Each structure stands twice: as structure tokens, then as C-alpha cells.
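>>> quick one, what's the 3D model for this:
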Amino acid sequence: MTDRRRVRAVVVDDHAMFRSGVRAEIGHDVEVLAEAGDVAEAVAAIREHRPDVVLLDVHLPGGGGVEVMRQNPCPDTRYLALSVSDAAEDVIGTIRGGARGYVTKTITGPELVAAIGRVSDGDAVFSPRLAGFVLDAFAGSIELAAVDEDLDRLTEREREVMRLIARGYSYKEVAKELFISIKTVETHMSSVLRKLQLSSRHELTRWASDRRLL
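Predicted structure coming up:
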């Protein structure tokens, strides 16, 4: 990207150290105008700086990445989701919310720079495995309406617990991963099973697998 104007970007993530790491990785090739840690900060930064691209985490305090796009503070800005999550509902929901691409945090610095440039040019960019979710969704093999209706019953934290439990994590492992107590995990799990009308973690795993949420 040395032979063209540097893409102007805002980095949105609720972890300051991660934002700093991204800035260090891409700063030579991408002009990072600002950083933001939640929805309100992101909307304000985008409105002020009018970047070409926003690197947007999916799970943000204040309503998530989709809420930032819903408020649409700068219609000309394009959004590239950069998330630790590779779950189908996050990928599809974020794309439906308006993102031009979705990559996971395992991406390398040069790959991220290239993805930012492509999104700025109007291309759609996905990590290889995630592209399949989007293609399946448009092909109709993932029932989006059913997935949305079920997931709308769960809070964001319940979705996180649900996904980890369905992947085979123990309650102790979930508690460690999410920095919450085992008792809180148990409470969320009971709520998930009740809302989804399931009776066991085995049923939950089958439910999540059928909807490609793992």
C-alpha cells in the first residue's frame, strides 16, 4: 500500500492492549486515526474522523458491533469485523448488520493490512472458513430466521456460555474463559436451557451443531 494514499482507519475493541497491538501491526501502512472501546466511543470517533474503514469487534459494551453500524455515523465508512469469534451467528449477523468483511484475530499483520485495503476498495473479505457460512446462508442451508429467533431469546453473555458449553467446555473452563464464577456459569446455563426449551447439555450441543453455531 506504499504506492497509494494510506487508508484511514478507526480501531474499535474493548481491550486497550489489543487495540495497541493492532496499531503497531498496521500503523506503517494504515493511518490509524483513533481508537474506541465501546459503542458510544466508536460512534463519536467515526463521526469525528470519518475514516475509510472501521476495524470493528463484534462483542462490544453498549450493544455490540452491529449497534455501531446501525447508528451509521458516517455513511461512506466501510466496516471490517475483527473478532475472536468464528461462530456462524456472529459472522452472519455482522454481515447482515452492514460489515463488508469478517476476519478472525488469528490473522497476521500483513494479511490484515491487505484486508483493510480491499474493504476500502469495496471488496468483501472473509477468513476462508467464514466465507462458507455466508455462502451457506445465501444458499438457504442455514435457516437465518430460525437462528435469529432462538438467539434473540438469549443475552450476549448467555450466548457466550451456550457456545462454550456446546463445544464441550466444563463449567470450570467456561468460568475461567469468561472471568466469571462457576455459580454464574450454572445460572446462565439454566437460563439458556429454559429459554431454548432443552433439557441437557447434550441436547444443547445437538441444537447448536444443527444451526452451525459451533
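>>> by mean pLDDT, flag the weakest helix or strand of this protein.
helix 144-151 (a mean of 60; mean pLDDT, DSSP states H and E).
>>> pLDDT averaged over the lengthiest helix in the chain, what's the number?
Ordering each helix of the chain by length in residues (DSSP state H) puts helix 182-196 first. The pLDDT scores in helix 182-196 average 93.
>>> do stretch 45-62 as well
For stretch 45-62, the per-residue pLDDT averages 93.
>>> buried set for it?
Within stretch 45-62, the residues that count as buried by 16 or more other Cβ atoms under 10 Å are 45-46, 49, 51-60. Bear in mind the C-beta positions are built from the backbone N, C-alpha and C, glycine included.
>>> same thing with stretch 24-40?
25-26, 29-30, 32-40.
>>> go on, stretch 90-104?
Quick answer for stretch 90-104 (16+ other Cβ under 10 Å): 90-95, 97-104.
>>> now, which of these lie within helices?
Reading helices off those with DSSP H, I get 90, 91, 92, 93, 94, 95, 97.
>>> hmm, back to that, residue 179: which of the buried residues of stretch 90-104 is nearest?
residue 90 (19.5 Å; Cβ to Cβ).
>>> who are the contact partners of that closest one?
By Cβ atoms under 8 Å, 6 or more residues apart in numbering, residue 90 lies in contact with 58, 83.
>>> the same query, at a cut-off of 6 Å, please.
Shown in contact with residue 90 (Cβ atoms under 6 Å, 6 or more residues apart in numbering): residue 58.
>>> buried set for the longest helix of the chain?
184, 185, 188, 189, 191, 192, 193, 195, 196.
>>> now for the buried residues of stretch 24-40: which two are most distant?
Checking the buried residues of stretch 24-40 with Cβ to Cβ, the most distant pair is 29 and 40, at 28.6 Å.
>>> circling back to that earlier point, could you identify the helix or strand that succeeds the longest helix of the chain?
Moving toward the C-terminus from helix 182-196, the next helix or strand (DSSP states H and E) is helix 201-210.
>>> so which elements touch that following helix?
On a contact count with 3 or more Cβ pairs under 6 Å, 6 or more residues apart in numbering; DSSP states H and E, helix 201-210 meets helix 156-166.
>>> name the strands paired with the host helix or strand of residue 10 and say parallel or antiparallel.
Per DSSP H and E, residue 10 falls inside strand 7-12. Next to strand 7-12 in the sheet, as set by DSSP bridges, lie strand 30-36 (parallel), strand 53-56 (parallel).
>>> in JSON lines, list the ones you listed along with distance to residue 202.
Output for the strands paired with strand 7-12, formatted as JSON lines (distance: least, Cβ to Cβ, whole Å):
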{"stretch": "strand 30-36", "distance to residue 202": "40"}
{"stretch": "strand 53-56", "distance to residue 202": "35"}
